[in-house]
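Student: Turn this into a model:
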Amino acid sequence: MRILRPVLGAAMAALAVLACTTPATPASAADAPYDVLVFSKTAGFRHDAIPVGIQTIRDLGAANNFTVTATEDAAAFTTGNLAQYEAVVFLNTTGDVLNASQQTAFESYIGSGRGYVGVHAAADTEYDWPFYGNLVGAWFASHPAIQQANMKVEDRGHAATAHLPQTWTRTDEWYNYRTNARSTAHVLATLDESSYSGGGMGADHPLSWCKSYSGGRSFYTGAGHTQASYAEPAFRAHLLGGIRYAAGRSKADCRPETGYTPLFNGSTAGWSQAGPGSFTNSDATLTSVGGMGLFWYNAKLDL
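Tutor: Purely as a prediction, here's the structure:
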């Protein structure tokens, strides 16, 4: 929970919480049918996880009411052809994969209100195309060896992260990025650099985020290097949630959260109950029990 600094005066000392969080539902059988294009062309390093990634998205589509077309043919990027898809997934693409006319068609596609999903090396793509850099949110800089690390989930209200715990521990190839996406995107999860070796971004290391851009929607996850990733139920649900958001089947506020002060960090220290009922705290999820009482934040805010 975050409160915008300019709204709060220096004397602000309390906040009331009135509702519980929404239950985690990473998939929805009620989604209206839609179509997804998976693009996996490489002009640089080629990930051996691409085939299993494509099959994973096909499987997710079969179970969640969307069809999947997979291609490495950049000729698919025409205004007419792209119009049939609600979202385009750049699955471990690398290097310069689209020519100028194809880039223009994709810019128009995003401008029409459609969605983009970037998986892992999608950030290692099209360094000379400013539109793409802004769309993906940040470009790749470097990475250490594949190893286990902890991801801190900042927002569990998004379809891509609703099913995850506060700390998501898994093995992957962890990217450092040239810039921090937080200033232009809504960060969903960050890497805890103290949990592995080779981090290069410090205390704030975004790894997954979403954003609105140029009329469309963008979701990016830095996970997905290894073949094993695509067999993990939690990663599959993470990917599905990102696709659903990009396709407009799941709503989310993906505005950047700059200028906010966090109040609820998972601990109920500084909070107290007022009125009937109570609140339980399970893995940083507050749930109201037995009435519409208030949960007040009484600690002084350092603004």
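Student: Report the contact partners of residue 243.
Tutor: 36, 57, 60, 66, 87, 89, 117, 219 (Cβ atoms under 8 Å, 6 or more residues apart in numbering). For the C-beta atoms, the positions are set from N, CA and C on the backbone; glycine is no exception.
Student: so what's the fourth one up against?
Tutor: Under the criterion of Cβ under 8 Å, 6+ apart, the contact partners of residue 66 comprise 31, 33, 34, 35, 36, 60, 86, 243, 247.
Student: If we use 6 Å, what do you get?
Tutor: Taking Cβ atoms under 6 Å, 6 or more residues apart in numbering, we find residue 66 in contact with 34, 36.
Student: Mind listing the residues bridging to it?
Tutor: residue 34 (DSSP bridges).
Student: Next one, pLDDT for it please.
Tutor: According to the prediction, residue 66 has pLDDT 98.
Student: ok, back up a step: can you tell me which of the contacts of residue 243 lies nearest to residue 105?
Tutor: Closest approach to residue 105 among these (Cβ to Cβ): residue 87, at 15.4 Å.
Student: before we move on, what SS does residue 201 have?
Tutor: Secondary structure state of residue 201, per DSSP: H, G, I helix; E, B strand; the rest coil, is coil.
Student: count of residues packed around the nearest residue to it once chain neighbours are set aside?
Tutor: Residue nearest to residue 201 in three dimensions, not counting chain neighbours: residue 176, with 5.6 Å by Cβ to Cβ, 6 or more residues apart in numbering. Neighbour count for residue 176, taken as other Cβ atoms under 10 Å: 19.
Student: Run through the helices of this structure in chain order.
Tutor: For the chain, applying DSSP state H gives helices covering 50-64, 79-82, 100-111, 130-136, 233-246.
Student: tell me the mean pLDDT over the fourth one?
Tutor: This points to helix 130-136. Rounded mean pLDDT across helix 130-136 is 98.
Student: One more: the third one?
Tutor: In this model, helix 100-111 has an average pLDDT of 98.
Student: Begin at 53 from now on, thanks
Tutor: Okay, residue one is now 53; in that scheme the one you just asked about reads as helix 152-163.
Student: Can you give me the buried ones in that helix?
Tutor: 154, 155, 157, 158, 159, 160, 161, 162 (16 or more other Cβ atoms under 10 Å).
Student: Look up how far residue 212 lies from the last one.
Tutor: Spelled out, that is residue 162. Counting by Cβ to Cβ, to the nearest Å, the gap from residue 162 to residue 212 is 19 Å.
Student: ok, now residue 221?
Tutor: 17 Å.
Student: Looking at these two, which is more packed in?
Tutor: Neighbours were counted for residue 221 and for residue 212 using other Cβ under 10 Å; residue 212 has more, 31 against 11.
Student: Quick one: neighbours of residue 285, just the number.
Tutor: For residue 285, using other Cβ under 10 Å, the count is 9.
Student: which one is residue 273 nearest to, not counting chain neighbours?
Tutor: residue 260 (4.4 Å).
Student: got the contact list for residue 154?
Tutor: By Cβ under 6 Å, 6+ apart, the neighbours of residue 154 are 126, 129.
Student: could you redo the last one with a cut-off of 8 Å?
Tutor: Contacts of residue 154 (Cβ under 8 Å, 6+ apart): 126, 127, 129, 130.
Student: and what of residue 137?
Tutor: 87, 88, 89, 121, 166.
Student: if we go to 10 Å?
Tutor: Residue 137 sits next to 86-90, 118-121, 128, 161, 166-167, 299 when contact means Cβ atoms under 10 Å, 6 or more residues apart in numbering.
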